[in-house]
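Student: below are the sequence and a predicted model; questions follow.
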Amino acid sequence: MKIKISKGCHATLFSTCFISGSIPGCPGICSGIIMQNRYIYRNEDVTLDVIIKIEHVVRLIARETGKPFDDCLYEFYRSKVYEMLQKTGSLMWVESAEFITDEYFRENPL
């Protein structure tokens, strides 16, 4: 089954399957989402920690740049900082959202 995710949907931040429009604030333009990755560190599932961290970082980026959350989310997904968050062994996910945001802006100056 293919899942279509459209730009503008917040569903990509959640780890369970949702039907379009079931998330408060979701514009309901995707057909649902199933989390593709689980984040495991030392046999512990840290998926929720990573997802919450990503959401916080993207909100900080949006506040700093004045851009919409969705635009910042897609830009963050293309960054090396996001790649590091994907690698649980890097321990980037245990850093504060402010630290990660600073790293993002070192990579992508305003």
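Tutor: On my side now, so go ahead.
Student: for the helix or strand where F76 lies, packing partners?
Tutor: Element membership for F76 (DSSP states H and E) is helix 69-77. The contact analysis (3 or more C-beta pairs under 8 Å, 6 or more residues apart in numbering; DSSP states H and E) places helix 69-77 against helix 47-65. Yep, even glycine has a C-beta here, placed from its N, CA and C like the rest.
Student: any idea where the strands of the protein begin and end?
Tutor: 40-41, 44-45 (DSSP state E).
Student: and P109, which of those is closest to it?
Tutor: strand 40-41 (30.6 Å; C-beta to C-beta).
Student: report pLDDT for G21.
Tutor: Here, the pLDDT recorded for G21 equals 43.
Student: actually D49, not the one I wrote
Tutor: 93.
Student: show me the contacts for it.
Tutor: Y39, W93 (C-beta atoms under 8 Å, 6 or more residues apart in numbering).
Student: and the closest residue to K80 other than its chain neighbours, how many residues sit next to it?
Tutor: Closest residue in space to K80, ignoring its immediate chain neighbours: E107 at 5.6 Å, by C-beta to C-beta, 6 or more residues apart in numbering. Using other C-beta atoms under 10 Å, E107 has 11 neighbouring residues.
Student: gap between E107 and P68?
Tutor: Computed with C-beta to C-beta, to the nearest Å, the distance linking E107 and P68 is 20 Å.
Student: what's the average pLDDT for the helix holding F76?
Tutor: Averaging pLDDT along helix 69-77 gives 96.
Student: equivalent analysis for stretch 52-63, please.
Tutor: pLDDT averaged over stretch 52-63 gives 97.
Student: so F76 touches T101, yeah?
Tutor: No: using C-beta atoms under 8 Å as the test, F76 is too far from T101 to be in contact (9.5 Å).
Student: give me the common contacts of these two.
Tutor: With contacts defined as C-beta under 8 Å, 6+ apart, the residues adjacent to both F76 and T101 are V57, I61.
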